[in-house]
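Student: Just the structure for this:
(2 chains)
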Number of protein chains: 2
Amino acid sequence: MEINGKHCQTIWVNKENNQLIQVFDQRFFPHKISVYDCVSSESIFFAIKEMVVRGAPLIGVAAAYGMYLACLEAKNQPNQNQYIISIAEKLKSARPTAVNLSWAVDYMLKELDSETEMDLKINKALLLATQLKNNDIAVCENMGNFGLEIIKKIAQQKTVSASGVNGTTVNILTHCNAGWLATVDWGTATAPIYKAFLAGIDVHVWVDETRPRNQGASLTAFELGQQGVKHTLITDNTGGHLMQHGMVDLVLVGTDRTTKNGDVANKIGTYLKALAAYDNNIPFYVAAPSSSIDFTISDGINTIEIETRDENEVKYVQGKLNNEIQSVLICPEKTPTLNYGFDVTPARLITGIITERGICNASEEGLKTLFNEKY
Amino acid sequence: MEINGKHCQTIWVNKENNQLIQVFDQRFFPHKISVYDCVSSESIFFAIKEMVVRGAPLIGVAAAYGMYLACLEAKNQPNQNQYIISIAEKLKSARPTAVNLSWAVDYMLKELDSETEMDLKINKALLLATQLKNNDIAVCENMGNFGLEIIKKIAQQKTVSASGVNGTTVNILTHCNAGWLATVDWGTATAPIYKAFLAGIDVHVWVDETRPRNQGASLTAFELGQQGVKHTLITDNTGGHLMQHGMVDLVLVGTDRTTKNGDVANKIGTYLKALAAYDNNIPFYVAAPSSSIDFTISDGINTIEIETRDENEVKYVQGKLNNEIQSVLICPEKTPTLNYGFDVTPARLITGIITERGICNASEEGLKTLFNEKY
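Tutor: Okay, the predicted model is just below:
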C-alpha cells in the first residue's frame, strides 16, 4: 500500500546492510512518519513489546526476523543453541495474546534445528523470515479476494433494493487497525476493502478510534486516507447507534487469536460491536489468516490469556500539539485504571471467518471444511 | 456531595447578589476547579450549550434560573412577554436531546404566565427555580434510597454464595457522568451508590471514560474519588470483557430522555453496555427522574432526536499537560468524523427503571404503575 503516494511495506531488510531490519515506527503515526532500525534481537523484542510494530501478522514476521538476528548474535555466544532458544522465549513473551508470535518463533526454531552449521543457519533464517513475509502478503491478498465477494454482493443488493434512505454506498465498520500497517501489506480486515475500492465499488469505512491506544484514529484513518478510501472516524461508543439506523452494512475486523471452534480474540471492544451487529442483523466477519488460528484450544473466553497493559495508556492520551507529540492526562492524577488489551467474541455472534483458503462458518465444522488437516 | 472535603452543590444563587447565578465550570474538571458566573440568560444559554453545566437534571435547573434572569432582563424590554418567550425558545435550543430542558422552561413559562406584574414575575421566577433545585435534590435522594435496595440485595447474595472468584464487593459499572455533577446533588445513577457507600456496603465502581468528552474520566472518577468511593477507570471498550468474566454485578446509568414505554436515550455507548449486560445476564438499571421521562413518545429509536456535536470533540482530546489544559490531535488533520451525543437503549434490554416514586419495569405497564396520571 501507499504512504505519500509511494508503495511501501511495513518491514524490510535494509538494501545495503542485510543485518539491519527496518520497520515504520507506528508509535508516532500519523503525526510523524519515521523508520525504526532493528539492529538486534533485543530491538525486535522492544519493537514488539512497545508496539513500534503491532498487529498479529506483522508481529509474527517481525519475530521471525528477530530469530534471524538472534542467529547472527549466536555466533559470538559460547552456547549458540541455548542462546537462540533463550531469545525465542524472550520474543514470545513480548505480547502474550497474539498467537502468530509464538507460531512464527516456534516455526523458525523447528526449521533451524536441522541446520547445524551456524553460517548456514543464519542464511536459512533470513530466507525463512523473508518467506514468511512474502507469505503474509499472499495470505492477505487471498483474504482480500474472498472478502471482496461479500462486499460485491452487498453492493449489488443495495443497488437493487435502494430505498434511498442510506444510499447505495457500502458502509463497513472496522475496529482497531487490521490494516496493512498490521501486516506486511494489504492488511487482514482491510484487504477486502482495498480490493473493493480498486474494483470500483463505492465503499465507505466507519473507523472506531479504538481506545486506549487509538489505533483506529491514528493508523486506520491514516492508511485509508493515504489510499483515498472514503472513511469517517467515530468514537468506540458510536457503532451501536449507527447499526440501529441502517448506517452499517458490514462489520469487518481482524483477530489476534481465533480458537478452533471460532471464538475470536481481538482488540478490546470487538465483542461489543459483535453484539450490536447481531442485535441489528448485520453481517459480522473476521479476517483470520490461519497463522492466527489456534487449533489447540476451543473455549476462547475461558482459555485465551488476555494481556493487561500499562495503566497510563488509559490515563494519558497521545496526540499532536504545536507540531509535537504530547500526552495529556484525562483524569485525576491518582485515579486507578485497568487496561485489558483484548476481548473474546464468541463464535455464535460471528457470521463468518475469512481465511486465505476461503470463507467459513465460525465453528469447528466450518473451520474443518478449510483446515481439516489441523483437526 | 463534597469537593476537597467541603459540601457543595453544582448551582447556587450568589449570597450577596441574588441576580448572579453561579455554577462549577465543569469544562475543566478535574484539572481546574473554578466557578462560572451566569450574569444573564445569555450566559446560562452559553453554559448549557458549551457544557459548562451538563447532565439532564442540572440543565433543567440551570434553564429555570435562566428564565429568572430573563425576567430580570425583560424589565428593560419594550415587549416584556415576547422577550421572555424568545429567551425560552433560545434556552430550549441549547441541547435538543435532554427533555428536562424543555420541561423546565415550559414549566416556568406556564407558571409565570399568571403573574402580570413584572416585579412579582421576577420574584416568582426565583422562587420557582429554587423550588426546582430543591426538588431535584429530593428526587435524587429518593432514587438513591430505592436503588440502595437493589445493591443491598446483590451484596447479600454475594456474601451468601461467595465462591471467592470475584469476592464479595459489589461491582457496579456506570457510563458517562450521571453523578451529582449532573444534578444539583447526589446524582441520579450515583445516588444509590453513595447511599450504599454511606450504609457501609462494600461497593466498587467501573467508570467508563465516555468518549468523546470523557465525562467518566474527568467527572465521575473525580467525584467518586472526592467521596472516597472505590473505583477504577476503564476505556469504553472494556465493559463487555468485564461482564463476560463475572466482574460486574450491576450496570447503573442515567438518562437524558426516556419514552413512555421505557426506551432510554442516554450518552452514546450506553446501548452497547446494555447489550453486553443482557448477553451476560447482568441487571441493567436506569435512574430516571420523572422530569426526564417523555410521556408523549413511545418509539425511542425512531423518534428521539439525537444531537450531533462538533467533530473536533472526536479529533481532539483535552487533558492536563505541564499543569495547563491542552488538547491534542489524535488523527490526521483532515480526517472526517461524525459525533453523535446519544444513543437509544431499547426497553427490552433494561431490567428496571429507578424513579423518585420507586422502581418499575421498563415498559408502558411498568411506568404506568408509578405514573398512571401521565397516561
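
Student: Over to the residue with the largest distance to the centre of chain A: give its phi and psi.
Tutor: Note on chain A: the largest C-alpha distance from the chain mean falls to residue A:78, namely 37.1 Å (Cα atoms, centre = their mean). Recorded main-chain torsions at residue A:78 are phi -60, psi -50, according to degrees, to the nearest 10.

Student: now it: how far from chain B?
Tutor: Residue A:78 sits 45 Å away from chain B, going by Cβ to the nearest Cβ, to the nearest Å. Using the backbone N, CA and C atoms, a C-beta is placed for each residue, glycine as well.

Student: Residue A:4 now?
Tutor: Noted for residue A:4: a distance of 12 Å to chain B, by Cβ to the nearest Cβ.

Student: same question, residue A:331
Tutor: 4 Å.

Student: chain center to the helix or strand where residue A:240 lies: distance?
Tutor: Here residue A:240, judged by DSSP states H and E, is contained in helix A:239-244. Mean-position distance between helix A:239-244 and its chain equals 24 Å (Cα atoms, centre = their mean, to the nearest Å).

Student: ok, and for it, which residues are buried?
Tutor: Buried residues in helix A:239-244, defined by neighbour count with 16 or more other Cβ atoms under 10 Å in any protein chain shown: A:239-244.

Student: Same question for stretch A:323-332.
Tutor: Residues of stretch A:323-332 classed as buried by neighbour count (16+ other Cβ under 10 Å): A:326-332.

Student: give me every residue that touches whatever residue of the stretch 101-250 of chain A ends up closest to chain B.
Tutor: As assessed by Cβ to the nearest Cβ, chain B sits closest to residue A:237 within the stretch 101-250 of chain A, at 2.8 Å. Contacts for residue A:237 (Cβ atoms under 8 Å, 6 or more residues apart in numbering or on different chains) come out as B:210-211, B:236, B:267-269, B:272, B:343.

Student: hang on, residue A:265 in a helix?
Tutor: No. Residue A:265 is assigned strand when assessed by DSSP: H, G, I helix; E, B strand; the rest coil, not a helix.

Student: Report the rounded mean pLDDT for the longest helix along chain A.
Tutor: Ranked by number of residues, the top helix in chain A under DSSP state H is helix A:118-160. Regarding helix A:118-160, the rounded mean pLDDT is 96.

Student: what about the helices in chain A?
Tutor: Under DSSP H, chain A gives helices at A:41-49, A:56-74, A:80-92, A:99-113, A:118-160, A:190-198, A:215, A:221-227, A:239-244, A:270-279, A:300-303, A:312-315, A:364-371.

Student: Turn these into CSV, columns for distance to chain B.
Tutor: Formatted as CSV, the helices of chain A follow (distance: least, Cβ to the nearest Cβ, whole Å):
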stretch, distance to chain B
helix A:41-49, 20
helix A:56-74, 18
helix A:80-92, 23
helix A:99-113, 18
helix A:118-160, 20
helix A:190-198, 16
helix A:215, 11
helix A:221-227, 5
helix A:239-244, 4
helix A:270-279, 4
helix A:300-303, 6
helix A:312-315, 6
helix A:364-371, 21
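
Student: still on that earlier bit, of the contacts of residue A:237, which is the nearest to residue B:125?
Tutor: Nearest to residue B:125 among these is residue B:267, at 30.6 Å by Cβ to Cβ.

Student: wait, the closest one sits on residue B:342?
Tutor: Yes. Between residue B:267 and residue B:342 there is a contact under Cβ atoms under 8 Å: 6.2 Å.

Student: shared neighbours of these two, anything?
Tutor: By Cβ under 8 Å, 6+ apart, the residues touching both residue B:267 and residue B:342 are residue B:256.

Student: how far away is residue A:53 from residue A:303?
Tutor: Relative to residue A:303, residue A:53 is positioned 26 Å away (Cβ to Cβ, to the nearest Å).

Student: So these two - more neighbours on which side?
Tutor: Shown here are residue A:53 and residue A:303; by other Cβ atoms under 10 Å in any protein chain shown, residue A:53 has more neighbours (24 against 15).

Student: which non-adjacent residue is nearest residue A:303?
Tutor: residue A:297 (4.6 Å; Cβ to Cβ, 6 or more residues apart in numbering or on different chains).

Student: wait, what's in contact with that neighbour?
Tutor: A:259-260, A:303-304 are the contacts of residue A:297 under Cβ under 8 Å, 6+ apart.

Student: Would you format those residues as CSV with pLDDT included?
Tutor: Output for these, formatted as CSV (pLDDT from 0 to 100):
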residue, pLDDT
A:259, 97
A:260, 97
A:303, 93
A:304, 93
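
Student: start to end distance for stretch A:38-55?
Tutor: 17 Å (Cα to Cα, to the nearest Å).

Student: same check, this time on stretch A:346-361
Tutor: 12 Å.

Student: Please report how far residue A:304 lies from residue A:265.
Tutor: In this view, residue A:304 and residue A:265 are 5 Å apart by Cβ to Cβ.

Student: which neighbours do those two share?
Tutor: Taking Cβ under 8 Å, 6+ apart as the contact rule, residue A:304 and residue A:265 both touch A:97, A:257, A:342, A:344.

Student: now, which of the buried residues of stretch A:323-332 sits nearest chain B?
Tutor: After measuring these against chain B - Cβ to the nearest Cβ - the closest member comes out as residue A:328, at 2.8 Å.

Student: Contacts only, for that closest one.
Tutor: Applying Cβ under 8 Å, 6+ apart to residue A:328 gives the contacts A:316-317, A:319, A:321, B:317-321, B:326-328.

Student: same question, residue A:209
Tutor: A:216-217, A:233-236, B:211, B:314, B:330-331.

Student: now residue A:49
Tutor: Counting by Cβ under 8 Å, 6+ apart, the residues that residue A:49 touches are A:94-95.
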